[in-house]
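Undergrad: fold the following.
(one chain, ligands or ions: 1)
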Amino acid sequence: MDDYQSILDEIYTELSPRFGEGHVATYIPELAKIEPQKFGMAVITADGRLFQVGRADEPFSIQSISKLFTLTMVMGEPALWQRTGREPSGNAFNSLVQLEYENGIPRNPFINAGALVVTDLILSKHGNAKEVVLNFVRRISGQSDISFNFTVAASEESVGFRNKAMAYFLKSFGNIKGDVEVVLDAYFHHCSIEMSCVQLAKAGLFLVNHGKSPYWSVPILNARETKYINSLMLTCGTYDAVGDFAYQVGLPAKSGVGGGILAVMPDQFAVCVWSPGLNDVGNSLLGTQVLSLFTTKTGMSIF
Ligand code: GLN
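TA: Just a heads-up that it's a prediction; the model follows:
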């Protein structure tokens, strides 16, 4: 079964009366300006066939989907699993409480605290955590025109008090080694990267193909590390809704408050959906439902 185009068209028709449902992320002023009715979806198969519907070529703010790429960059770092855990947090992605009683070790690399630690690891390794991440994302997706949105990064920086508190709190536990302001600046920029559904689906192909991207001659990860990342996406990729998401969708996925969700079916396809209206935990409301419909209609989930 791989006539994904007719299924995408069907989903589009079925869901279009509901475009705009949910609430756009207002805590980042620039994201509050996005039209909630926008919708795009793209599927790319392991052998490179692309299917798309709606605004699948329109770049949007990838936000926390960037955590997937930054984690990929540090998978080989020996300190990684001493400095962050790999259990679902059961708490909001920007929660501070758990961090205190767990002595500054974030539950996993996909909540904000964990991603800040990951950014710090990249900074220690490369001496620059901004451009190296952007270049990495460009290379794994084969798209040289991907960029930061500096307005979004500045907008988040101007109100990012909670992330700043978190980064300084991590520093107090010795779990940020570098300059906290440099780590935060890099983190806000990673979140501001703009990509379309098509570009994100392409970037996700290495997770479909056991670590190999068709756009990069060297494997990005080995098969074992790829399994680790996909498992982490399944257990931690959609925050405190991760159980419900796995129940409904049945695929490893990573979401962001820009309204994007990237999901993968190993050996088969990467799928990305974008609908900016979020549910209460910060995952795309329609995006989750669309992916649930997609795996039901195609019969393609990991379970
Ligand atoms: N930049 C956002 C933040 O730190 C990312 C959160 C998200 O996408 N879940 O709050």
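Undergrad: list of residues touching the strand or helix carrying residue 164?
TA: Using DSSP states H and E, residue 164 maps to helix 161-172. Outside helix 161-172, the residues within contact range by Cβ atoms under 8 Å, 6 or more residues apart in numbering are 94, 96, 99-100, 104, 106, 112-113, 116-117, 156, 176, 180, 183-184, 187-188. C-beta coordinates here come from the backbone N, C-alpha and C atoms, glycine included.
Undergrad: likewise stretch 106-113?
TA: Residues contacting stretch 106-113 (Cβ under 8 Å, 6+ apart): 64, 67-68, 70-71, 80, 84-89, 91, 93-96, 98-99, 114-118, 162-163, 166, 170, 175, 232-233, 235-237, 239, 254.
Undergrad: I'd like to know which helix or strand in the protein has the lowest mean pLDDT.
TA: helix 97-101 (a mean of 93; mean pLDDT, DSSP states H and E).
Undergrad: so where's this protein uncertain?
TA: For the chain, the stretches with pLDDT under 70 are 1-2.
Undergrad: ranges for the helices of it?
TA: Secondary structure of the chain (DSSP state H): helices located at 4-15, 66-74, 80-83, 97-101, 112-126, 131-141, 150-159, 161-172, 180-192, 197-203, 205-208, 223-236, 242-249, 285-298.
Undergrad: restricting to C-alpha, output stretch 279-293 in PDB.
TA: The C-alpha trace of stretch 279-293 is given here as PDB (Å, rounded to 0.1, in the frame of the first residue of the first chain):
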ATOM      1  CA  ASN A 279      -3.400  21.400  21.900                       C
ATOM      2  CA  ASP A 280      -2.900  22.000  25.600                       C
ATOM      3  CA  VAL A 281       0.500  20.300  25.800                       C
ATOM      4  CA  GLY A 282       1.900  22.200  22.800                       C
ATOM      5  CA  ASN A 283       1.600  19.600  20.100                       C
ATOM      6  CA  SER A 284      -0.200  20.500  16.900                       C
ATOM      7  CA  LEU A 285      -3.900  19.600  17.500                       C
ATOM      8  CA  LEU A 286      -4.900  18.800  13.900                       C
ATOM      9  CA  GLY A 287      -1.400  17.500  13.200                       C
ATOM     10  CA  THR A 288      -1.800  14.700  15.800                       C
ATOM     11  CA  GLN A 289      -5.200  13.900  14.400                       C
ATOM     12  CA  VAL A 290      -4.000  13.900  10.800                       C
ATOM     13  CA  LEU A 291      -1.200  11.500  11.700                       C
ATOM     14  CA  SER A 292      -3.600   9.200  13.500                       C
ATOM     15  CA  LEU A 293      -5.800   9.200  10.400                       C
END
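Undergrad: tell me if it is near the ligand.
TA: Yes. Counting by Cβ under 6 Å from any ligand atom, contacts between stretch 279-293 and the ligand involve residue 282.
Undergrad: check which residues of that stretch are buried.
TA: Within stretch 279-293, the residues scored as buried using 16 or more other Cβ atoms under 10 Å are 279, 281-293.
Undergrad: enumerate the residues of the stretch 1-150 of the chain near the ligand.
TA: Within the stretch 1-150 of the chain, the residues that sit near the ligand (Cβ under 6 Å from any ligand atom) are 63-64, 93-94, 112.
Undergrad: coming back round to it: the helix holding residue 164 versus helix 180-192: what angle between them?
TA: 130 degrees (axes from the mean of the first three to the mean of the last three Cα atoms, to 10 degrees).
Undergrad: re earlier: of the residues of the stretch 1-150 of the chain next to the ligand, buried ones?
TA: Buried by 16+ other Cβ under 10 Å: 63-64, 93-94, 112, out of these.
Undergrad: select, from these, the two members most distant in space.
TA: 63 and 94 (11.7 Å; Cβ to Cβ).
Undergrad: filter the contacts of stretch 106-113 down to the buried ones, PyMOL style.
TA: In PyMOL syntax, the buried subset of those is picked out as below (16+ other Cβ under 10 Å):
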select buried, resi 64+67+68+70+71+80+84+85+86+88+89+93+94+95+98+99+114+115+116+117+118+163+166+170+175+232+233+235+236+237+239+254
